[in-house]
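Participant: Curious how this folds, go ahead:
(one chain, ligands or ions: 3)
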Amino acid sequence: MAARDFKLADHPAIPRGIPLMLIVLDGWGEQPDGEYNAISKASTPIMDSLKKGHPDYWRLVKAHGPAVGLPLESDMGNSEVGHNAMGAGRIYKQGAGLVDSALADGSMFTGGWKQIQETIEKGCTLHLLGLLSDGGVHARLDQVWGLLGGAIERGAKKVRLHILTDGRDVADGSSFEYVEKLEKYIEELNSKGADVKIASGGGRMRVTMDRYETDWEVVERGWHAHVLGEAPNKYTTAAEALKDLRAKDPKVNDQYYPPWVVVDDAGKSVGTIEDGDAVVIWNFRADRVVMISKAFDFEDKDFPFFDRVRRPKVTLAGMLEYDVEIHLPSIHLVDPPQIEGTSGEYLAKNHVRSYACSETVKFGHMTFFWNGNRSGYFDAKYEKYVEIPTDKGIQFNEKPPMKAAEIAEAAAAAFKSGEWDFVRVNFPNADMVGHTGDMEATVVGCEAADKGVEVLLKAVEDAGGIYLVTADHGNAEEMVKHDKDGKPVLTKDGTPQKLTAHTCAPVPVAIGGPGLPKNIKLRKDLPGAGLANVAATFINLCGLEAPSDMEPTLLEVVEQ
Ligand SMILES: O=C(O)[C@@H](CO)OP(=O)(O)O
Ligand SMILES: [Mn+2]
Ligand SMILES: [Mn+2]
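Facilitator: Numbers count the residues shown, from 1 in each chain. Ligands and ions are numbered 1, 2, ... in the order given. You can find the predicted model right below:
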């Protein structure tokens, strides 16, 4: 491919140097007002006022399914694909679909797998670890079956599974059904001579799947259970663990199970991870498996995060490469989407000074995901990434405002300082609190996010700047599950079933501010536009023409 020319021409109608504020409201979808819509229930005067700008200054864009590179129209959006699309301005076939193709054409077992195969042939144990979920955000059951079955077909004898339960992308309690399905499949494989067992597990928010170094203790708990075979909770089957831990503590749910291990009759773990073993992480999504990958891959001198006690020398493979900058893990089964020529690189190379900010749980969304799953700066001279620490060890409905005020304060100060041309922030509330399924708390979270937007729009007003407000996918606007006719799905006790997951709702794009030239409006001719169209839009708002291989801008220059 010809080398990319990063020089961008000036935009014909938008001058350079008018500062731009871009706000992403994580998990803020647009759906009709209703009893279970936490966003419409909340008092959100600022977001409501933006909506009045329809059609010239407010519109909806797609944030789910093929529009963001997911296999099916029924696939809900998520932060990785949403921020990848916004940051890159293009639609890439994403992890879920890439793994599907690699399983279908067999290439799953031809690349990085070869090194796993060598360890299997030596008779070592193969450990498979990941989120046991059909949500399609981080992982999918059929892919786990494909990996496990494929490994057995290729000669793996002893396989141990380390499972993280979900309840976030799927209904709480679905772990029972998934474990039952997995046990059935294991029985089938074992009846043909394999030795497969579930060895350890825990809830994804409490065990192993932390992200962006919010709390290394989460990963440490997982390390103890999966690797060392140690946890305060010991059971003879996974199903027993799930049942008993819930019965003991009403606060336990699929997301927040404590760590547990499966033990034999002598009380010994059935699946510690030992020197020479192979470990495959089956999640395709990166953020929540970067830390556990580091725990396996990093030498002691590079790993100050917790005492690993014992670090087995294993062959570790990721389903995908999770960090394409530092090539983590060093082996992967399926190549990740080749995201390059992102807006961040273009802007840095055109000397647009960019400032990105969120609190820890979403920090990497505005940096790592935004930049195509790269962890560093393109050019530190023109970029600054600011992280506000997220509270550790709480469930987010306990403190729904989260750090919205602090994010707004930091970003408003950066904007007013005049040091930055482009400030981008993410407010996590609608998403992180929405995932708890707690309606009241989510309403409070949405109100806090709206207040954050208010502070930032005031900064834009004061500095004569431009704003672009959008979201990465839906979540808080649908807090209970609905059937095809739009009626709430009821649980056995007659109450509506909580929906903790993201949705397929479209998301808003709003533009404005005193710096927006009067002849710039939103186009009316792109009904199918999605999040990938946002990149060209904000590059234009920075005063530059967008690269020709990005999805088209949402802006038009109108005659006055
Ligand atoms: O928390 C996460 O990992 C996902 C849901 O699984 O949410 P988001 O895509 O918004 O980060
Ligand atoms: Mn998100
Ligand atoms: Mn989410």
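Participant: Point out where this protein drops to low pLDDT.
Facilitator: By pLDDT under 70, the weakly predicted segments of the chain are 1.
Participant: Gly167 versus whichever residue of it sits closest to ligand 1, what's the distance?
Facilitator: Closest to ligand 1 within the chain is Ser79: 3.1 Å, counting by CB to the nearest ligand atom. To be clear about C-beta, it is placed using only N, CA and C from the backbone, and glycine gets the same treatment. From Ser79 across to Gly167, the span is 17 Å (CB to CB, to the nearest Å).
Participant: What of Phe369?
Facilitator: Distance of Phe369 to Gly167, computed by CB to CB: 23 Å.
Participant: higher neighbour count, those two?
Facilitator: Between Phe369 and Gly167, Phe369 has the larger neighbour count (other CB atoms under 10 Å), namely 28 against 25.
Participant: Test my guess that the more buried one contacts Ala88.
Facilitator: No: counting by CB atoms under 8 Å, Ala88 is not a contact partner of Phe369; they are 9.6 Å apart.
Participant: ok, Arg221 - contacts?
Facilitator: 202, 206-208, 231, 258-259 (CB atoms under 8 Å, 6 or more residues apart in numbering).
Participant: who's in contact with Ile520?
Facilitator: Neighbour list for Ile520: 13-14, 511, 555-558 [criterion: CB under 8 Å, 6+ apart].
Participant: Among those residues, which ones are in strands?
Facilitator: Among those, the members falling in strands (DSSP state E) are 511, 555-557.
Participant: just the buried members of those?
Facilitator: Buried subset of these (neighbour count, 16 or more other CB atoms under 10 Å): 511, 555.
Participant: Let's have the ones in strands among the contacts of Ile520 in CSV, adding distance to ligand 2.
Facilitator: Output for these, formatted as CSV (distance: CB to the ion, whole Å):
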residue, distance to ligand 2
Ile511, 21
Leu555, 25
Glu556, 29
Val557, 32
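Participant: Could you check how many residues crowd around the closest residue to ligand 2 within the stretch 301-450 of the chain?
Facilitator: Of all residues in the stretch 301-450 of the chain, Asp431 sits closest to ligand 2, at 4.7 Å by CB to the ion. The number of residues packed near Asp431 is 30, by other CB under 10 Å.
Participant: Which secondary structure element is home to it?
Facilitator: helix 429-434 (DSSP states H and E).
Participant: now do Glu217
Facilitator: Using DSSP H and E, Glu217 falls within helix 216-223.
Participant: any residue of that helix up close to ligand 1?
Facilitator: No: for helix 216-223, no contact with ligand 1 is found by CB under 6 Å from any ligand atom; the gap never falls below 12.5 Å.
Participant: List the neighbouring strands of the next helix or strand after that helix plus their orientation.
Facilitator: Per DSSP H and E, the first helix or strand lying C-terminal to helix 216-223 is strand 233-235. According to DSSP bridges, strand 233-235 forms sheet pairs with strand 260-262 (parallel).
Participant: picking up where we left off before, which ones among the contacts of Arg221 are found in strands?
Facilitator: Among these, the members found in strands (DSSP E) are Gly202.
Participant: In TSV: the contacts of Arg221, plus neighbour count and distance to ligand 2.
Facilitator: Formatted as TSV, the contacts of Arg221 follow (neighbours: other CB atoms under 10 Å; distance: CB to the ion, whole Å):
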residue	neighbour count	distance to ligand 2
Gly202	29	23
Arg206	23	20
Val207	30	21
Thr208	31	20
Ala231	24	30
Pro258	19	26
Pro259	26	26
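Participant: In contact with Gly173: list those residues for me.
Facilitator: Counted by CB under 8 Å, 6+ apart, Gly173 has contacts 167, 253-254.
Participant: Likewise for Ser354?
Facilitator: Ser354 neighbours (CB under 8 Å, 6+ apart): 344, 347-348, 382-384, 420-424.
Participant: Quickly name whichever of these is closest to Arg59.
Facilitator: Set against Arg59, the nearest of these by CB to CB is Arg424 (19.6 Å).
Participant: buried stuff in the host helix or strand of the closest one?
Facilitator: Per DSSP H and E: Arg424 is located in strand 422-427. Of the residues in strand 422-427, 422-427 count as buried by neighbour count, 16+ other CB under 10 Å.
Participant: what's the answer for stretch 7-18, then?
Facilitator: Here stretch 7-18 shows 8, 11, 14, 18 as buried, counting by 16+ other CB under 10 Å.
Participant: my read: the second one touches Leu544, true?
Facilitator: Yes: contact criterion CB under 8 Å: His11 and Leu544 qualify, at 5.7 Å.
Participant: List the buried residues for stretch 346-357?
Facilitator: Across stretch 346-357, burial judged by 16+ other CB under 10 Å covers 346-350, 352-357.
Participant: Pull up the distance across that stretch, start to finish.
Facilitator: Length of stretch 346-357, first residue to last, CA to CA, to the nearest Å: 19 Å.
Participant: again, but for stretch 514-532
Facilitator: Length of stretch 514-532, first residue to last, CA to CA: 25 Å.
Participant: which ones are touching the residue of the stretch 451-560 of the chain found nearest ligand 2?
Facilitator: Using CB to the ion, the closest approach of the stretch 451-560 of the chain to ligand 2 is made by Asp472 at 4.4 Å. Residues in contact with Asp472 (CB under 8 Å, 6+ apart) are 24, 26-27, 63, 77-79, 82-83, 86, 365, 426, 431, 507, 531.
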